[in-house]
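One predicted model, sequence on top.
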Amino acid sequence: MELLPLDVKTAVNRVERMPFRWSLNPYRGCTHSCIYCYARVTHEYLGLNAGTDFNHRVFYKRNVVEALRAQLRSRSWRGEPVALGTATDVYQPAEGRLRLTRQILETMMEYGNAVTITTKSPLVLRDLDLLKQLAEGPGVTVYLSVGTVDTDAWRFLEPGTPPPKYRLRALEHLRREGIRAGVLMAPIVPRINDAPAQLEATVRAAAAAGAAFLAPSVLRLPHGAREWFLERVAAERPKLAPFYREFYKGDTSPPAYVRAVETRVRRLREKYGIPESSAEAGRPAAAAAQGAGRAALQLSLPL
């Protein structure tokens, strides 16, 4: 991993056509290396590639806390909830060294501002003290991203991430401590983790961990993600390559497929007694995990 500094003008950014209005991402690039990540295209804005550069060259916004403070104390700021981790993971390995996310949470608590967090990492437990303060004060919701508990599917789709079982243990711990936390079941990928038995195993595991909610999201492949995803499929699962080229003629899978998957997950959720999603304002729903395309992503990035 190569860590590179980046200065920003703003920390919190307005987002359009998304289930939340404000986002904050302290990193660009992510060593979690998820082959489907829609944020890969952001590296192209910097003259880098959306594949290996995105996986290994991580930019950190060294002045993000100062920029955040300036925005939160502005007269124009209305204290709306801010979604953390909607592009790259705020608890990826770089956070263990740089602690930008922790400083952001400290600042949010200081200014009494609610947050939501989306992550694939149990490192979120490091900041349990701040999460408890936020839960007792302005509010916090944690989304543990767990698209599957199938080991083979996980290793292929998310080669740099902590195993799903550790994320679910983190979820269980958060729930015991009174933190509102649940599962973002994303992405559900055709012919890789969408078999009925695979879906049920994931929902059952989320229920066992005490998930307060569960929201599914089917794979999207916008520019940047599409090219890298298809390259990895061709290299590691070549028999599936023709299927994906045909199935994903555009960014999204066929609507009938999406409806069928969502219906199956809804029935499983009802079977295991998990609510659909968080009821809190500003939540990052399923669309946050896959994005609403290039235009929405651009609006969520700092200048």
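The structure has been received and is ready for your questions.

isn't residue 137 right next to residue 112, touching?
Yes. Counting by C-beta atoms under 8 Å, residue 137 touches residue 112, with 6.4 Å between them. The way it works is simple: take the backbone N, C-alpha and C, and place the C-beta from them, glycine included.

I figured residue 220 was touching residue 189, is that so?
No. Between residue 220 and residue 189 there is no contact under C-beta under 8 Å: 10.5 Å.

and the closest residue to residue 160 other than its chain neighbours, how far is that from residue 233?
With sequence-adjacent residues excluded and distances taken as C-beta to C-beta, 6 or more residues apart in numbering, residue 160 is closest to residue 33, at 3.8 Å. To residue 233, residue 33 is 15 Å away according to C-beta to C-beta, to the nearest Å.

Any idea how many residues pack against the residue nearest to residue 160?
Close neighbours of residue 33, defined as other C-beta atoms under 10 Å, add up to 20.

and it, what pLDDT?
pLDDT recorded at residue 33 is 97.

Quick check: it touching residue 156?
No. At 11.1 Å, residue 33 does not count as touching residue 156 under the criterion of C-beta under 8 Å.

which ones are touching residue 93?
By C-beta atoms under 8 Å, 6 or more residues apart in numbering, the residues touching residue 93 are 1, 31.

what's the burial count for the nearest residue to residue 98 once chain neighbours are set aside?
Closest residue to residue 98 apart from its sequence neighbours, by C-beta to C-beta, 6+ apart: residue 60 at 5.6 Å. Per other C-beta under 10 Å, the neighbour tally for residue 60 reads 18.

tell me which element residue 60 is part of?
Here residue 60 sits within strand 57-61, counting by DSSP states H and E.

List the contacts of that strand.
Here strand 57-61 has contacts from 1-8, 11, 26-31, 43, 46, 48, 67, 92, 94, 98, 100, 302, using C-beta under 8 Å, 6+ apart.

6 Å - rerun?
When contacts are defined by C-beta atoms under 6 Å, 6 or more residues apart in numbering, strand 57-61 is touched by residues 1, 2, 3, 4, 6, 8, 26, 27, 28, 29, 94, 98.
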